[in-house]
Structures are given as C-alpha cells and as structure tokens.
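*Asks:* could you work out the structure for the sequence below:
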Amino acid sequence: MTKSQLTSYLCLFVFIVAQLVHFSNGDVGTAGRYSAPYIPTACNGNDPSQFPSSNMFAAAGEGVWDNGASCGRKYMVRCISASVPRICKPGQTILVRVVDRALTSVSRPSRNGATIVLSTTAFNAIANGAATSINIEFQE
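*Replies:* Presented below is the predicted three-dimensional model:
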C-alpha cells in the first residue's frame, strides 16, 4: 500500500467516524432545583409577570449570571446524566427563562454552585423529582 492510498483510507475513515459521532452544540453544567417562594427576584423584584405561565423558569448560577445581563435570557436545557441511574427523562428538552440569581434567591437551591437552578416544574419535566441535582446540556 502506498503512502497516498494510506492517506486516502485515513481520510475516508475520519469522515465516516465524524458522521457517526454526535457533536454537542451547547455547554454542559449542573442544575439544581428550587421551590416557592420565588419572589422577590434579583431580576424584577416582586413583579409576578416575570414568570412564564408554564412555570418553566430558572435562577442563574454565577457562571451564567453575567452581572444581571442573564435576566430574561432563555435557555434550552436537557438532562444528560446524574449520580443515580435513570434520573434523566430521555428525549426531554425544555425552554426556561432566567428570572433570578441563584446566589441570592429567596428559596435556596438544592445544589450550591449549580450552573442553573430550575423551578420545580422545569426540573421535574426533564428529571425524576427524587434527584437533587443533574448534569445538563444547555444553550441560549
């Protein structure tokens, strides 16, 4: 086999593998959950209109807080793993709106230092409610 043929086979192999492997377009982090009371918030104080009617909202951890610029941002979030098997609900992705800062939220998160802290409704949509924290993939 010549060097040229070997190079061609290697390129073909890399192309085939690239087609079979899923590359993520989002970031990964952790998520906790928090429950009522949710107000006042760091974003809009006592204004109840800040909460989506679906109750799919979140408090931003320090990694995404961005000095308050994250208020109102929407993130697609999905559970990718947890410390206990079968916690994630397969194929479930949710859209949440940031309404608060996890560090200063009235209700304390189930996990300190989480990337995003989800409302109880949002958390239960992608994970078994018995979990206190999960590993997530998220994208703005």
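*Asks:* distance of Arg97 from Ala36?
*Replies:* If you measure Arg97 against Ala36 using Cβ to Cβ, to the nearest Å, the figure is 17 Å. In short, each C-beta sits where N, CA and C put it, glycine included.
*Asks:* who has more neighbours, these two?
*Replies:* Arg97 (19 against 9; other Cβ atoms under 10 Å).
*Asks:* residues of stretch 116-128 that come out buried?
*Replies:* By neighbour count, with 16 or more other Cβ atoms under 10 Å as the criterion, the buried positions of stretch 116-128 are Ile116, Val117, Leu118, Ser119, Thr120, Thr121, Ala122, Phe123, Ala125, Ile126, Ala127.
*Asks:* that stretch: end-to-end distance?
*Replies:* Across stretch 116-128, the terminal residues are separated by 17 Å (Cα to Cα, to the nearest Å).
*Asks:* chain center to it: distance?
*Replies:* Averaging C-alpha positions (Cα atoms, centre = their mean, to the nearest Å) puts stretch 116-128 10 Å from its chain's average.
*Asks:* going forward, begin numbering at 11 instead of 1
*Replies:* Sounds good: first residue 11 from here, last item stretch 126-138.
*Asks:* tell me the mean pLDDT for it?
*Replies:* Predicted confidence along stretch 126-138 averages 96 (mean pLDDT).
*Asks:* ditto for stretch 70-78
*Replies:* Here stretch 70-78 scores 96 as its mean pLDDT.
*Asks:* dump it to CSV, restricted to CA.
*Replies:* Presented in CSV, the C-alpha positions along stretch 70-78 are these (Å, rounded to 0.1, in the frame of the first residue of the first chain):
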residue,chain,number,x,y,z
ALA,A,70,-28.8,31.8,37.0
GLY,A,71,-25.8,30.4,38.7
GLU,A,72,-22.7,32.6,38.8
GLY,A,73,-21.3,31.1,35.6
VAL,A,74,-24.2,32.4,33.6
TRP,A,75,-25.4,35.4,35.8
ASP,A,76,-23.2,37.8,33.8
ASN,A,77,-23.8,40.8,36.2
GLY,A,78,-27.5,40.6,35.7
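*Asks:* good, we can wrap up now.
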